[in-house]
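Participant: Kindly return the folded structure for what I paste below:
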Amino acid sequence: LAGVAYLAGCGGDEPSANGSSRGEGRPSLPVRAFEVSRIDLSRNIQLSSPVEPLRTIALAARTDGIIDSVAVEEGDRVEAGQLLASIDVSEQRAELARAEASLREAEANFERLQRLRDKDYIDEASFVTARSELDVARTDVDLWETRVSFGRITAPVDGYVIGRMVEPGAAIARLGTAFEIANLDALVTRIGVSELDVAEIRAGDSVPVSVDALPDQSDLEGVVRRVFPAADGASRLVTVEIELPDAYAKGVRPGFLA
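Facilitator: Just a heads-up that it's a prediction; the model follows:
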């Protein structure tokens, strides 16, 4: 009798013929729901470095002399081949005139001996000597023409004059720096990044850049141009070069802190 009563009690929650349960009046268990979404797990680091041109050229004089004239000022935009300054090369011009006179004499002598050789009036050795003297005279003219051209200091590339180290009347030594030229249309900032962070940085990554000198300017969109292949021996930091497209047009200048 006890077993029959137990079986009758266990079957009390079986669904009825219409699918409903006889125990549905009991409260249901609470369920906690979570919304799945993507979040940014990257680390944010803030570093500072001055803005500088991508490339700067220290333009040197190729001869000794006195500065005759200077045609540009700091800040001027120049084009490749434009005259920036001239050096007094009066002595070199005089040597060029002497070399040209010697060349004319060697040409006349060579033509005379050539006519004599055609008539078999001279031997071959005399003709060869005259031809050698003519070649030497021509190279002498080329030499002094080159030295005269050293009196012109011209811009090797398009860019801006960011440094002027010469004035008219001042002396300049051979290989002395006369101007500094930079392409300000390509500005960069080079920051030192810890070895713990640099492994995740790739060329082409976007970087927000703010400039203290332009507080009202919205952040510039920098681009990682390259990551240097080795860390600095003293600081143990790896240099990351960030390009700042159109930064000069927006008012950014070399030396600004970014």
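
Participant: quick one, what contacts the residue positioned nearest the centre of the chain?
Facilitator: Here the mean C-alpha position of the chain is nearest to the C-alpha of L54 (CA atoms, centre = their mean), at a distance of 3.2 Å. L54 makes contact with N183, A186, L187, V188, E243, according to CB atoms under 8 Å, 6 or more residues apart in numbering. Bear in mind the C-beta positions are built from the backbone N, C-alpha and C, glycine included.

Participant: Distance of the first one relative to A80?
Facilitator: Spelled out, it's N183. The spacing between N183 and A80, counted by CB to CB, to the nearest Å, is 11 Å.

Participant: For these two, indicate the residue with more neighbours.
Facilitator: Applying other CB atoms under 10 Å to N183 and A80 shows that N183 carries more neighbours, namely 16 against 11.

Participant: contacting residues for the more buried one?
Facilitator: Contacts for N183 (CB under 8 Å, 6+ apart) come out as P53, L54, R55, V157, D158, G159, Y160.

Participant: intersection of neighbour lists for N183 and A80?
Facilitator: In contact with both N183 and A80: V157, D158, using CB under 8 Å, 6+ apart.

Participant: how about the strands of the stretch 151-258 of the chain, start to end?
Facilitator: 152-154, 159-164, 171-172, 177-182, 187-193, 206-209, 220-231, 238-244 (DSSP state E, counting those that start in this stretch).

Participant: Relative to E107, which of those strands is closest?
Facilitator: strand 152-154 (28.0 Å; CB to CB).

Participant: circling back to that earlier point, would you list the phi and psi of the residue nearest to the centre of the chain?
Facilitator: As for L54, its main-chain torsions (degrees, to the nearest 10) stand at phi -60, psi -40.

Participant: Distance of it relative to L113?
Facilitator: Using CB to CB, one gets 59 Å for the distance from L54 to L113.

Participant: Which strands and helices lie in contact with the strand or helix carrying A97?
Facilitator: According to DSSP states H and E, A97 maps onto helix 90-118. Helices and strands touching helix 90-118, by 3 or more CB pairs under 8 Å, 6 or more residues apart in numbering; DSSP states H and E, are helix 124-149.
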